[in-house]
Structure formats: C-alpha cells, structure tokens
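Q: My questions are about this predicted structure, shown below with the sequence.
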Amino acid sequence: MPHFDLAALPHRRYNPLTQEWVLVSPHRTQRPWQGQVEAAPAETSLAFDPHCYLCPGNSRAGGARNPQYSGTFVFENDFAALRPDTPSGSIQERELLFAQSEAGQCRVICFSPRHDLTLARMSVDEIRLVVDTWCAQFSELAAEPNVRAVHIFENRGAMMGCSNPHPHGQIWANETVPDELAREVVTQRDYFQAHQSSLLEDYLKLELEKQERVVCSNEHFVVVVPFWAVWPYGTLLISRRCVPSLPELQQAERQSLAQILRQLTIRYDNLFQTSFPYTMGFHQRPTDDGSYPGFHLHAHYYPPLLRSATIRKFMVGYEMLAMPQRDITPESAANHLRDLPATHYLER
Ligand SMILES: [Zn+2]
Ligand SMILES: [Zn+2]
C-alpha cells in the first residue's frame, strides 16, 4: 500500500467498534478562525449550596430529602426517563409504525457531598468510593430479571446540558440492549471469533507499540485518543485486562481506575484552564444470561471543546447528513493532552 500522509491530507478513518467512518481534514487547521471569543463561565466556589437538590440534607423537587451523606449517594431520579412499573405493550401497523414499551430505572449518583468539587479535584481515595459504588450498582441492577443493559455515565458542564455543578453521574438500566452497545457487542464478538483475542486488547497492543495516541497510562489502564476519534479531544479508556464489566475488576485495578480517572480529568481541565465539559460513560456487557466472548470493558469520553473554554465543536450539516468530520488529527490531540502538566491548574 503506498504511503499516505495522515497528518496533511484529507482521509477517512474506520471505527472497528461501530463500523462507522470519520472524515479527517488536517489541512484545514491552517484556516483563520472567525468565531466569537467569550470569557470562560464562572465556576462555583460554594462547598455547600442551600439551593442544590444534590447537596446533603437538602430537599429535592419530588419532596424527598437527601441524607447527610459523607461519601457517595445514589437515589432514583425524581424525573426518570424510564420507570420500572411501565406495563408491557406494543403497537404495530405493517412494518411502518412500530413501538414497544420500555421499562427501566434511572438513578443519580452523587460523587461527593462537596458541591464545589469535580472528579479532577477529588482525591484518588474519594474517586475510589465512586468506582466501588459503580461496581455495586452494576451488580445490583444486573441481578434484576428485566434488566438487559446498564449504562453508567456522566454529563459534565452546562455545555453538555448539565445544569447542576454538584459532582454527579447517572445510572440507567433498561430491558433492551440499546443500539450503540448492541453494535459494539457484535463487532467485539465477531472479532473474537475470528482471532481468539479481544478487539480492544489487540488495539491496545498496537497503540502501546506506536505511542502516537497514548495520553496516559498506569499498571491497569490506558487512555488513548482513538485512531477514529470524532470529537476533537475524545478519548477511550481501556482496561489492560479484558474483563466484561466493572465488578470483575480486582481491588488493585479499581484503585488504578480511580487514579487514571483523576489523571485524565486533570489533563482535560488543564487543556483550556477550565472545568472541562464532557459526556463520558462505560460500555459493559449486556446483563442478560447471554455469553459475551471478547467483550472488553472501556469508557468513552466525548468532550465538545475545540479551541478554548468556550469554542466548541458542533455536529451539524455534513455530520448530521453524512458522517462526522474533524480537522485536528487524533495524533495532535493526543500530543496536546500528553504534554500537559499532571497537576491541576487550580492547585499549582
Ligand atoms: Zn450541591
Ligand atoms: Zn464502546
């Protein structure tokens, strides 16, 4: 195959997890920026906010009152998108109008009683409590008869539609396997059947050999800007050992996970010296009785920022109609993130 300069010429890259493509246009990074520059939004400095529905002891919109929790705290979302008592039913007219009931649960997990913290500013031991809570929640929900998928995720920052700065995430469980996870189940299963090794294990080996897109790593986890990243600074967090879900992680691995979550979020905050917005979440095996050979635990980070605390990437036009497109290459993004200080900018 003739040499092709990925750093200079337009090309498309393949995502083997989803079988989708992304258009990369590195030559465009030279063009002048004409967007609006705004000041970064102010960050909260209140350790306790009497009006926050997530702070300890405060009452929530549904009338419930939070306990005086000191570590993590999980509760059923008062405005849940899914409800466990949804009766089962469906409608169908020919193959054109088709709908099915969907039962499930939506929980909220407060990462800390402190209103003013984020994962990037919590200690490894405090984040470890979050990791242990995620593990326990996954096990608990997976054991329920009508739960086939559990999604653990975090929307951070107003830019990602998260209106409350109190550090928290979501845990959604439902009775079908959603499309995005279903796709990655199939691609990982097919790869495993063809190669007798996990897709992400082999991908990780390649990335560790090349060292072009690795952002940070420790004994049990590696973070890369994936070859096929869509968002400018999107990353993939992969466990070195192929396990299908969080509860299979051993104690030392859980500690390493807490450590790398901290490392990565500090780098993100340092990139534009702002509390970096993102959506992140884990992909874990479906929770029915099926077997999932080759399914490899990982987390996706999808941050919207492109060039500063306020200049973000939009998915519009060609992206909505055809395929996602990016200008800055994943290799440049990985270089930027890797070269940042490992200490948070507010603590230097
Ligand atoms: Zn709060
Ligand atoms: Zn995934």
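A: Received, thanks. Numbers count the residues shown, from 1 in each chain. Ligands and ions are numbered 1, 2, ... in the order given.

Q: count of residues packed around the closest residue to residue 149 other than its chain neighbours?
A: Take residue 149 and drop its neighbours on the chain: the residue closest to it by CB to CB, 6 or more residues apart in numbering is residue 177, 4.8 Å away. C-beta coordinates here come from the backbone N, C-alpha and C atoms, glycine included. Residue 177 has 17 neighbours, counted by other CB atoms under 10 Å.

Q: Would you verify that residue 177 is located in a strand?
A: No: the assignment for residue 177 is coil, going by DSSP: H, G, I helix; E, B strand; the rest coil, so no strand is present there.

Q: That one and ligand 1, how far apart?
A: 33 Å (CB to the ion, to the nearest Å).

Q: Can you show me the helices along the stretch 201-348 of the chain?
A: 251-271, 318-321, 330-338 (DSSP state H, counting those that start in this stretch).

Q: can you tell which of those helices is closest to ligand 1?
A: helix 251-271 (18.4 Å; CB to the ion).

Q: Take the helices of the stretch 201-348 of the chain and lay them out in a markdown table including mean pLDDT and mean neighbour count.
A: Formatted as a markdown table, those follow (pLDDT from 0 to 100; neighbours: other CB atoms under 10 Å):
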| stretch | mean pLDDT | mean neighbour count |
| --- | --- | --- |
| helix 251-271 | 97 | 21 |
| helix 318-321 | 94 | 11 |
| helix 330-338 | 96 | 19 |
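
Q: and those as JSON lines, adding distance to ligand 2?
A: Listed next are the helices of the stretch 201-348 of the chain as JSON lines, based on distance: least, CB to the ion, whole Å:
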{"stretch": "helix 251-271", "distance to ligand 2": "16"}
{"stretch": "helix 318-321", "distance to ligand 2": "19"}
{"stretch": "helix 330-338", "distance to ligand 2": "16"}
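
Q: Please convert these to CSV, extending it with distance to residue 6.
A: Converted to CSV, the helices of the stretch 201-348 of the chain look like this (distance: least, CB to CB, whole Å):
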stretch, distance to residue 6
helix 251-271, 22
helix 318-321, 20
helix 330-338, 7
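
Q: Please look at the residue nearest to residue 149 and residue 185 and confirm they touch.
A: Yes: in this structure, residue 177 is within contact of residue 185 by CB atoms under 8 Å, at 6.9 Å.

Q: Spit out the residues that contact the two alike.
A: Counting by CB atoms under 8 Å, 6 or more residues apart in numbering, the common neighbours of residue 177 and residue 185 are residue 286.

Q: Under the pLDDT cut-off, which ranges of the stretch 1-150 of the chain? List them.
A: For the stretch 1-150 of the chain, applying pLDDT under 70 flags the ranges 1, 30-44.

Q: what does this protein put close to ligand 1?
A: For the chain, the residues in contact with ligand 1 (CB under 5 Å from the ion) are 49, 52, 54-55, 115, 166.

Q: run the last query once more with 8 Å
A: Contacts of the chain with ligand 1, taken as CB under 8 Å from the ion, map to 46, 48-49, 52-55, 58, 110, 114-115, 164-166.

Q: hang on, the earlier thing: figure out which of the helices of the stretch 201-348 of the chain is closest to residue 2.
A: Proximity to residue 2 (CB to CB) singles out helix 330-338 among the helices of the stretch 201-348 of the chain, at 19.7 Å.
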